[in-house]
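# Sharing a model that was predicted from the sequence below.
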Amino acid sequence: MIDVLVVDDDFNIARVHCGYVRQVPGFQVVGTAHTGRDAVTALTELRPDLVLLDLYLPDMFGLEVVTWLRGTDLECDVLVISAANDSAAIRACVRQGVVNYLLKPFNVADLRDRLELYAAQRTGPDTGTVHSQSDVDRLLTRTTSRPAATTLPKGLSGHTAELVSHTLRQAPDTLSAAECGTQVGISRGSARLYLEHLHKTGKAELSLRYHTAGRPERRYRWVSG
C-alpha cells in the first residue's frame, strides 16, 4: 500500500480528497493536515510515501513545506493539488521535483489517473541491477522528487538546468534557444547557455537550420535517456 497524507486548508475539501484516494486500489490515507505547520508535523510522524499538497495554506505557501521536506531524509513524494494556475507557480513546483500538478476543481477520475501513473512509476527494482530501459525510466522518474546534484559551469542554476532538460526532453521536435527560453520563462541568451551545456555533456544533439539569409539557427534535441 502507498501511504498518503492529504494537506488542504479546507476541512471539507480535504475530506473529499481522502474519499477520492480511498477509491484507488493500492492507496490508503494515513492522515490529514490543514496548515503548513501541521503538515510538517504529520510528515515527520507519519512518514507517508506521498503527500497531496495544497499551495494556499493559512500559515505558509505550500512550496515552503516542499523546501523543508527536501532538506530532510524523508522519502516522500509530492503531488500538488491547487487552484494556482499561473505558470510561475507551476514552474516553481517543477523545480522542486513534484511528481504531478493537478488543478482544482477536479474529479475522482482526474486524481485516479495521476495516482495510477505514480504507482506505475514506483514499480521496478529498488536494489541490484535493472533489466530493461523501462526499469531505468521508472527509477529515474521516481527519483525526480529529490533533484540530483550535477556539476554545472559557474553561473548556471541546478534548478533551471533541470527545467531546461525537462522542457527539451518533452519537446516533440527540436527547440531553438528562443523557443526553449519562452517555455521555461528565461531569456534566449540564458537558455542558449543551458542548451550548449547539455550539448557539450552529450545530453542533447545540435543541428543547424539554414534560412535564406543570416546565420543558421541552432536547434537542440534531447538524446540522453
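Received the coordinates, thanks.
# I'd like to know which elements the longest helix seen in the chain is packed against.
Counting residues, the longest helix found in the chain (DSSP state H) is helix 108-122. Applying 3 or more CB pairs under 8 Å, 6 or more residues apart in numbering; DSSP states H and E, one finds that helix 108-122 makes contact with strand 2-7, helix 11-22, strand 77-82, strand 100-103, helix 133-142. Just so you know, the C-beta spots here come from the backbone N, C-alpha and C atoms, and that holds for glycine as well.
# As a markdown table, these with mean neighbour count, distance to residue 166 and mean pLDDT would be great.
Converted to a markdown table, the helices and strands packed on helix 108-122 look like this (neighbours: other CB atoms under 10 Å; distance: least, CB to CB, whole Å; pLDDT from 0 to 100):
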| stretch | mean neighbour count | distance to residue 166 | mean pLDDT |
| --- | --- | --- | --- |
| strand 2-7 | 23 | 24 | 97 |
| helix 11-22 | 16 | 27 | 95 |
| strand 77-82 | 23 | 16 | 93 |
| strand 100-103 | 16 | 13 | 89 |
| helix 133-142 | 14 | 11 | 55 |
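# now the ones you listed as JSON lines including distance to residue 113?
Formatted as JSON lines, these follow (distance: least, CB to CB, whole Å):
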{"stretch": "strand 2-7", "distance to residue 113": "15"}
{"stretch": "helix 11-22", "distance to residue 113": "11"}
{"stretch": "strand 77-82", "distance to residue 113": "12"}
{"stretch": "strand 100-103", "distance to residue 113": "9"}
{"stretch": "helix 133-142", "distance to residue 113": "16"}
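# closest one to residue 111 among the ones you listed?
Nearest of these to residue 111, taken as CB to CB: helix 11-22 at 4.9 Å.
# Name the surrounding residues that touch the closest one.
Residues outside helix 11-22 that contact it (CB atoms under 8 Å, 6 or more residues apart in numbering) are 4, 6-8, 27-29, 32, 34, 52, 54, 81, 108, 111-112, 115.
# Closest to residue 215 out of the residues you listed?
Among the contacts of helix 11-22, and counting by CB to CB, the member closest to residue 215 is residue 81, at 45.8 Å.
# pretty sure that closest one contacts residue 105?
No: using CB atoms under 8 Å as the test, residue 81 is too far from residue 105 to be in contact (10.1 Å).
# Any quick ChimeraX command for the buried ones out of the contacts of helix 11-22?
The following ChimeraX line selects those of the contacts of helix 11-22 that are buried, judged by 16 or more other CB atoms under 10 Å:
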select :4,6,7,8,27,29,32,34,52,54,81,111,112,115
